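A.B. asks: Give me the fold of what follows.
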Amino acid sequence: MKKYIVFIICLLLASFTSCKKDPIDLTDDELARDALYNIMNTYYLWNNLMPEVKKENYPNPRELLEGMRYKNLDRWSFVQSYDDFEQQQSAIFVGHGIKIGLDENNKTRIAQIYKDAGLYKQGVRRGWIIKKLNDVDLAPIFVNNDNDAYSALIGLPQAGITNKFLFEMPDGKEITITDTKTSFTLNTVIHYDTLHLKTGITGHLVFEQFISPSNAELQQAFAFFQRNNINNIIVDLRYNGGGDLTVLQNLAAYIGGSQLFGKPFLKMTHNEQRKSQDKVVNFSSVPHPVNVNKMIVITTRMTASASEDLINGLKPYMEIITIGETTNGKPVGMYGFRYEKKYWFWPISFTLFNINDESDFYEGFTPEKYVIDDITRDWNDRNEACLNEAINVLENNSVSKNNGYQYRQPTIFSEGSKRPNYTFLIE
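C.D. replies: Coordinates of the predicted model:
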């Protein structure tokens with residue numbers, strides 16, 4: 001069976017390169033730039049709205065993309081190194097495996113931690129306070145939203161770098177832990193369990209990103225949900241920036257149930273030159289579907305792309321209630337174009353609609369109830385603000401009163417470079 005490399009239209013980009021001077025005289029970056037120029041004119045969703053540019057004025061593809069991008073709508077197109085893509089698709093993470101956030105009382109805490117991270121193996125969990133990093137008070141850096149200072153303090157995303165953490169545990173005790181950055185396979189299903197509520201058994205899934213290795217993790221989680229006969233589900237997508245469209249199709253099918261297998265899920269539309277590529281994306285056939293009555297989705301501004309398409313695509317088929325913060329607002333997706341073993345180009349290439357032709361959510365999905373991302377508690381703590389509100393919605397069939405609360409998105413920094421959000425197509 002042919003194995004697809006996640007995501008995409010892989011084209012011989014040499015055929016896209018056209019130059020006024022002999023290609024021998026061009027640098028590798030200039031050849032890559034010229035390839036991207038032709039791709040943007042052919043595949044870019046807003047190719048009729050791009051600024052007019054002279055490609056020779058740009059020394060590399062990254063600068064050219066910035067010059068050609070339709071800035072009124074496009075916040076996402078990017079150029080990625082070949083090595084970064086390969087590492088990401090294999091789910092390899094290098095570092096301590098943590099996200100750190102600032103809570104409402106200006107204390108820095110673990111907001112997320114991967115299960116194979118060294119700190120996790122030493123007992124660290126979401127909600128723990130980090131008082132100092134390498135003997136430096138961490139909170140002022142976060143209060144000032146100084147990501148550069150944080151990155152300098154925690155160091156490069158390279159194996160072998162050691163840092164010292166002073167933690168305050170949930171019981172108030174302090175502990176110093178020294179941890180060395182390592183390379184490990186991250187988990188995208190951060191947590192799953194069941195909640196026995198007065199409305200029945202509810203599945204609870206915390207899911208971080210849609211990448212190919214997610215399929216095995218989701219299958220395990222939904223086999224557990226099916227064995228436990230869940231009738232509703234809480235899907236926590238608060239840090240999920242999107243990913244692979246095929247993983248999205250699978251997750252939607254797990255939730256929607258077997259009666260949706262093969263039915264229309266999303267419609268994909270392209271620019272006027274690429275209308276022949278327009279297509280309907282159907283629900284996949286998956287093992288262990290659960291066919292729930294209601295889905296509660298926890299969101300933040302980091303909820304983007306495929307995460308939003310899960311909401312939009314399932315909305316015509318079932319009751320969905322979102323709580324948390326307004327989502328990112330990305331109803332569009334990318335094709336990936338590989339340039340030799342140096343770059344991947346990711347221009348916005350298509351729009352995704354649900355079966356009711358709804359798509360224009362560039363302002364994001366507004367939640368039915370604003371709820372703080374409560375980083376003071378672990379995922380399975382029923383007093384965690386978002387989980388608590390989700391339980392309330394299921395048990396009382398309505399959101400709780402707002403009481404004048406003004407939502408404030410916590411400051412959260414991740415290790416290393418920011419992972420971009422996508423919606424990809426596998427061809």
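A.B. asks: Now the nearest residue to residue 299 once chain neighbours are set aside. Its backbone dihedrals?
C.D. replies: Nearest non-adjacent residue to residue 299, counting by Cβ to Cβ, 6 or more residues apart in numbering: residue 324, 4.3 Å away. Any C-beta I mention is one placed from the backbone N, CA and C, and that applies to glycine too. Dihedral pair for residue 324: phi 120, psi -110, per degrees, to the nearest 10.
A.B. asks: show me the contacts for residue 324.
C.D. replies: Applying Cβ atoms under 8 Å, 6 or more residues apart in numbering to residue 324 gives the contacts 238, 298, 299, 300, 303, 367, 370, 371, 373, 386.
A.B. asks: Look up how far residue 384 lies from the second one.
C.D. replies: The reference is to residue 298. Distance, residue 298 to residue 384, using Cβ to Cβ, to the nearest Å: 10 Å.
A.B. asks: And the first one, by the same measure?
C.D. replies: Counting by Cβ to Cβ, the gap from residue 238 to residue 384 is 11 Å.
A.B. asks: Domain-wise, how is the chain divided?
C.D. replies: Listed by automatic domain parsing, the domain ranges of the chain are 13-89, 93-185, 189-334+348-401.
A.B. asks: doesn't residue 216 fall inside a helix?
C.D. replies: Yes. Residue 216: assigned to a helix according to DSSP: H, G, I helix; E, B strand; the rest coil.
A.B. asks: ok so, going back, for residue 412, find the nearest of the domains of the chain.
C.D. replies: Nearest to residue 412, of all the domains of the chain, is domain 93-185, at 4.0 Å by Cβ to Cβ.
A.B. asks: which of the contacts of residue 324 lies closest to residue 68?
C.D. replies: Closest approach to residue 68 among those (Cβ to Cβ): residue 303, at 27.8 Å.
A.B. asks: how close does residue 126 sit to residue 170?
C.D. replies: To residue 170, residue 126 is 10 Å away according to Cβ to Cβ.
A.B. asks: Which one of these two is surrounded by more residues?
C.D. replies: residue 126 (25 against 13; other Cβ atoms under 10 Å).
A.B. asks: Show me the helices in the stretch 101-250 of the chain, by range?
C.D. replies: 118-121, 139-143, 147-154, 214-227, 245-256 (DSSP state H, counting those that start in this stretch).
A.B. asks: Just put these in CSV and tack on distance to residue 208 and mean pLDDT.
C.D. replies: What follows is these, written out as CSV (distance: least, Cβ to Cβ, whole Å; pLDDT from 0 to 100):
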stretch, distance to residue 208, mean pLDDT
helix 118-121, 14, 97
helix 139-143, 21, 95
helix 147-154, 20, 93
helix 214-227, 9, 98
helix 245-256, 12, 97
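A.B. asks: Buried deepest among those helices, which one?
C.D. replies: Highest mean neighbour count of the helices of the stretch 101-250 of the chain: helix 245-256, a mean of 25 (counted as mean count of other Cβ atoms under 10 Å).
A.B. asks: and the next element down the chain from it?
C.D. replies: strand 264-269 (DSSP states H and E).
A.B. asks: and the helix or strand that that following strand is followed by, how far from the chain's centre?
C.D. replies: Going down the chain from strand 264-269, the next helix or strand is strand 279-282, by DSSP H and E. Relative to its parent chain, strand 279-282 has a centroid offset of 22 Å by Cα atoms, centre = their mean, to the nearest Å.
A.B. asks: same deal with stretch 364-376?
C.D. replies: Chain-centre distance of stretch 364-376: 16 Å, with Cα atoms, centre = their mean.
A.B. asks: how about the helices of the stretch 251-400 of the chain, start to end?
C.D. replies: Ranges of helices in the stretch 251-400 of the chain, per DSSP H, counting those that start in this stretch, are 306-314, 385-396.
A.B. asks: Of those, which stretch is the most buried?
C.D. replies: Highest mean neighbour count among the helices of the stretch 251-400 of the chain (mean count of other Cβ under 10 Å): helix 306-314, a mean of 26.
A.B. asks: and that helix, how far from the chain's centre?
C.D. replies: Here helix 306-314 is found 12 Å from its chain centre; the criterion is Cα atoms, centre = their mean.
A.B. asks: and that helix, what other elements does it pack with?
C.D. replies: Judged by 3 or more Cβ pairs under 8 Å, 6 or more residues apart in numbering; DSSP states H and E, the packing partners of helix 306-314 are helix 245-256, strand 264-269, strand 294-299, strand 319-324, strand 348-353.
A.B. asks: Can I get the ones you listed in a markdown table including distance to residue 49?
C.D. replies: A markdown table is the format used below for the helices and strands packed on helix 306-314 (distance: least, Cβ to Cβ, whole Å):
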| stretch | distance to residue 49 |
| --- | --- |
| helix 245-256 | 24 |
| strand 264-269 | 16 |
| strand 294-299 | 29 |
| strand 319-324 | 31 |
| strand 348-353 | 11 |
